[in-house]
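Novice: okay, here's the prediction I keep looking at, along with the sequence it came from:
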Amino acid sequence: MQNRVDPITVSVIQHRLLAIVEEMGEAMLRTSYSQIPQFEPRFSTAICDLDRRLIAQAEHVQSMSAPNPYAARAMHRVFAGDIHQGASFY
């Protein structure tokens, strides 16, 4: 028997994850000490799983989105053994 995924559930989860990463970017803009990100937003936000796979990413600047999976791998190398559930890296 084949398990089927409900396309409506997939769409709801997908849009929720995209809303989260977009809100992460807005929080970065609102809490930045510098005015520079507000005029020149050269950053991207993403959610990765514990296996460093990209789950969702916002496209604040599309050219900044490509390095996200590589950044997740680098963070995993640097903080290996010290990453816990709910951890955030900026």
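Specialist: Yep, that arrived. Numbering: from 1, shown residues only.
Novice: right, and the helix or strand after the helix or strand bottoming out on mean pLDDT in the chain?
Specialist: Of all the helices and strands that make up the chain, the one with the lowest confidence by mean pLDDT, DSSP states H and E is helix 62-65; it has a mean of 58. Next helix or strand after helix 62-65 toward the C-terminus (DSSP states H and E): helix 68-78.
Novice: what's in contact with stretch 48-59?
Specialist: In this structure, residues lying in contact with stretch 48-59 by Cβ atoms under 8 Å, 6 or more residues apart in numbering are 14, 17-18, 20-22, 24-25, 44-47, 65, 68-69, 72-73, 76, 83. (Glycine included, C-beta is placed from N, CA and C.)
Novice: same thing but at 7 Å, please
Specialist: For stretch 48-59, contacts defined as Cβ atoms under 7 Å, 6 or more residues apart in numbering pick out 17-18, 20-22, 24-25, 44-47, 65, 68-69, 72-73, 76.
Novice: list the buried residues in that stretch.
Specialist: By neighbour count, and taking 16 or more other Cβ atoms under 10 Å as the criterion, the buried residues in stretch 48-59 are 48, 56-58.
Novice: for stretch 15-33, same thing?
Specialist: Neighbour count says stretch 15-33 has 21-22, 24-25, 28 buried, by 16+ other Cβ under 10 Å.
Novice: what is the rounded mean pLDDT of that stretch?
Specialist: Throughout stretch 15-33, pLDDT has a mean value of 87.
Novice: for Asn3, state which of the buried residues of stretch 15-33 is nearest.
Specialist: Val21 (27.4 Å; Cβ to Cβ).
Novice: how far is the helix or strand that contains the closest one from where the chain is centred?
Specialist: In the assignment (DSSP H and E), Val21 maps to helix 7-31. Here the centre of helix 7-31 is set off from its chain's centre by 9 Å, with Cα atoms, centre = their mean, to the nearest Å.
Novice: so Phe43 is in contact with Met28, correct?
Specialist: Yes: with the criterion set as Cβ atoms under 7 Å, Phe43 and Met28 qualify as a contacting pair; they are 6.5 Å apart.
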